[in-house]
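A.B. asks: Just the structure for this:
(2 chains)
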Amino acid sequence: MSLEVARIKKFAEMSIVIMLILGVITLALAPATGHYRGFYLSVFLGSVIVVVSIIYLPIVHMKKSESAKDVAVPAMQSLWVSTSMGLGYVVTALAPYFKITLPVAVTLFIIGWIMLLYGTYALLRLSKEAKVPLAV
Amino acid sequence: MSQPNKEVRDVYGDYATLTVPPEELRSTLNIFMVYMGVLAVVAAIFAGSGLAQMYDPATTIQVALIGNAMLAIFGGLLAYIGGSTRANTYLLLRYPLGRIGAMIGSLVVSALPLIIWFAVETWLFGITVNVIYPGHPLTSIAAASAWGGILMMLTAYYGFRAIALLSYITVPFWYALIVIGFFAAVDISGGFSALWAARPEHIAPLGVGITYVFGLYASGCVITSDVARYGVKKWSGSIAWGLHVLVFMTVLLFTGAAMTILTGSPNVIVAIAKVGLGVGALLLAILGQWTTNDNNLWSASLAWINIVGKLNKRQWVIIIGIIGTAIAAVWGGVYGMSLDPFITFGTFLGYFIPPVGAALIADYYIISRYLLKRQYRFGPGTKYGVINVPGIIAIIAGGLAGWGATTFGLRLPTGVGTFDAIIVSFLLYLVLAVIMYKATGRIEVGEWIEKPTGF
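C.D. replies: Numbers count the residues shown, from 1 in each chain, chains lettered A, B, ... in the order given. You can find the predicted model right below:
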């Protein structure tokens, strides 16, 4: 594996791990949301992030290809879903229906923004360095 | 199958008139994701609302499953042709319809319907904006449709990266939002018992609903090769198509129906607003429409290039966008929030588009393989018939049969208009092709030699 591909792979793995950690944090916050609606929201979105990251991390890790594209494509699929769920927290955490206590809602809102911004950065960087189009 | 000559330039973009080269092939998962992105439209949920006005929840699931199973099989067979030949729909139609016939087929399959789809989605965009910000002249359905259509057209033309990126990121959450919306509606409306107890005054016959479901995505079925041609395996597109239609389309239809039943609103956007999911969720719904409509513009322009052979994709985006926006604004102004135009459009699609796919299936799997002993080949210098006579007759007869069965109660084998249309055109193509081949030694008239541009 060339140095360039190894570097891209390392960045891809690190990005998925960051998303995984943030997903676990949102799952951990679920019991503190103060209402069953907020609890189910956090469990649902958090689970999607965690499951997708756990599935894709070994896929990316075990890639031994010489092509950056082969590493970037699965990593981008994982980051795509995680980033999207981050966007989900941004638009739903403060919605009246979920009745999440304000401190937790704000925390989820901030985590959502972090996931959205970092995920977008990671997607663009992988897309540019591996020359893989963002279009699904 | 032939690959395009390395010296042949893709002058129109997106291999509009060429086969996809090996280095551009994508994984089955990737193909699945593309189909899912296309399905992520508010229109699919609105269609569920249409079903809720006809059936109780249990029958809605039954109708959706049967209709979608038919779509999975029909689209899967067509996707395999794209995966095997690496050619898009408009190239493929050169065989079952002839070169000029393919132009007519492209008009029927994509070029005209996608303009209407663009108009319908733009109209739904107008409704969404009106729901979020009512009471302002610029947010009336007609006005919002007009400026929304223009914005979509411009983003498709210029390819604004920020909006493209945001739309792209929105797709997975869009599905999550639908699930959340469904459970939220159940939560605030009396639970699942209230949902299962609901039923309209009159239950429509199953055939009407199945035709409705099949007609909704029949156009997508026939053009499934446009995506499947990129699949790394011949069957990538078939698997991806079948899975996304059978599972996710069914879920979307049922969810739309359930939200309508539970909130009492035939407008799903209004339903989401009533549930209290927040303005952000509604804005995401808008973005979903935006992405899909950009796709509609690009697909329609692909079809028009294959018909006219002049202008490039971006120029066609502007032409089609202006026409579609004009239709949407008038539509919104004339019909207001009624779903009738959408339902009428969905039903209309069921008549003439599926027969085109049926003729392609009959030609690729049977006539070309066993009667003519030919393979689908594309590339400069390839000779095609100008008109494939059995193909043209079969799609006209099939379309009329489906229309007659649904509109006038014409008695045909299955009683499901769209399915009857497919059977009639499929069988008619086989019979006519055999008769004409035995009589004249070929099934086409005239000869068209492919140009270096692939046109």
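A.B. asks: got a list of what B:Ala194 touches?
C.D. replies: By Cβ atoms under 8 Å, 6 or more residues apart in numbering or on different chains, the contact set of B:Ala194 is B:186, B:262. All C-beta spots, glycine's among them, are computed from the backbone N, C-alpha and C.
A.B. asks: Secondary structure element for it, which one?
C.D. replies: Using DSSP states H and E, the element containing B:Ala194 is helix B:191-197.
A.B. asks: Look through chain A and tell me its longest helix.
C.D. replies: helix A:102-130 (DSSP state H).
A.B. asks: Show me which residues of it are buried.
C.D. replies: Using 16 or more other Cβ atoms under 10 Å in any protein chain shown as the burial criterion, the residues of helix A:102-130 that qualify are A:104-105, A:107-109, A:111-112, A:114-116, A:118-120, A:122-123, A:126-127, A:129-130.
A.B. asks: what does stretch B:399-416 give?
C.D. replies: By neighbour count on 16+ other Cβ under 10 Å, the buried set for stretch B:399-416 is B:399-406, B:412, B:415-416.
A.B. asks: which stretches of chain A have low pLDDT?
C.D. replies: By pLDDT under 70, the low-scoring segments of chain A are A:1, A:135-136.
A.B. asks: Contacts only, for the residue nearest in space to the middle of it.
C.D. replies: By Cα atoms, centre = their mean, chain A has its centre lying nearest to A:Ser82, at 2.8 Å. Contact analysis of A:Ser82 by Cβ under 8 Å, 6+ apart lists A:16, A:19, A:23, A:49, A:52-53, A:115, A:119.
A.B. asks: which parts of the stretch 1-150 of chain B sit against chain A?
C.D. replies: Residues of the stretch 1-150 of chain B that fall close to chain A, judged by Cβ under 8 Å from any Cβ of the partner chain: B:27, B:29-30, B:33-34, B:36-37.
A.B. asks: Any chance of the residues you listed in a markdown table with pLDDT as columns?
C.D. replies: Compiled in a markdown table, these are given as follows (pLDDT from 0 to 100):
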| residue | pLDDT |
| --- | --- |
| B:Ser27 | 81 |
| B:Leu29 | 82 |
| B:Asn30 | 79 |
| B:Met33 | 79 |
| B:Val34 | 80 |
| B:Met36 | 82 |
| B:Gly37 | 73 |
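A.B. asks: Around chain B, pick out the residues from chain A.
C.D. replies: Within chain A, the positions near chain B by Cβ under 8 Å from any Cβ are A:37, A:40-41, A:44-45, A:48, A:73, A:77, A:80-81, A:83-85, A:87-88, A:90-92, A:94-97, A:116, A:119-120, A:123-124, A:134-136.
A.B. asks: which ones among these are found in helices?
C.D. replies: Among the residues of chain A next to chain B, DSSP H puts A:37, A:40-41, A:44-45, A:48, A:73, A:77, A:80-81, A:83-85, A:87-88, A:90-92, A:116, A:119-120, A:123-124 in helices.
A.B. asks: Sitting in strands, which of the buried residues of stretch B:399-416 do you find?
C.D. replies: Among the buried residues of stretch B:399-416, no member is found in strands (DSSP state E).
A.B. asks: Can I get the residues you listed in JSON lines including distance to chain A and pLDDT?
C.D. replies: Converted to JSON lines, the buried residues of stretch B:399-416 look like this (distance: Cβ to the nearest Cβ, whole Å; pLDDT from 0 to 100):
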{"residue": "B:Gly399", "distance to chain A": "33", "pLDDT": "89"}
{"residue": "B:Leu400", "distance to chain A": "38", "pLDDT": "88"}
{"residue": "B:Ala401", "distance to chain A": "38", "pLDDT": "89"}
{"residue": "B:Gly402", "distance to chain A": "33", "pLDDT": "84"}
{"residue": "B:Trp403", "distance to chain A": "36", "pLDDT": "80"}
{"residue": "B:Gly404", "distance to chain A": "40", "pLDDT": "83"}
{"residue": "B:Ala405", "distance to chain A": "38", "pLDDT": "80"}
{"residue": "B:Thr406", "distance to chain A": "35", "pLDDT": "74"}
{"residue": "B:Leu412", "distance to chain A": "39", "pLDDT": "75"}
{"residue": "B:Gly415", "distance to chain A": "38", "pLDDT": "68"}
{"residue": "B:Val416", "distance to chain A": "33", "pLDDT": "69"}
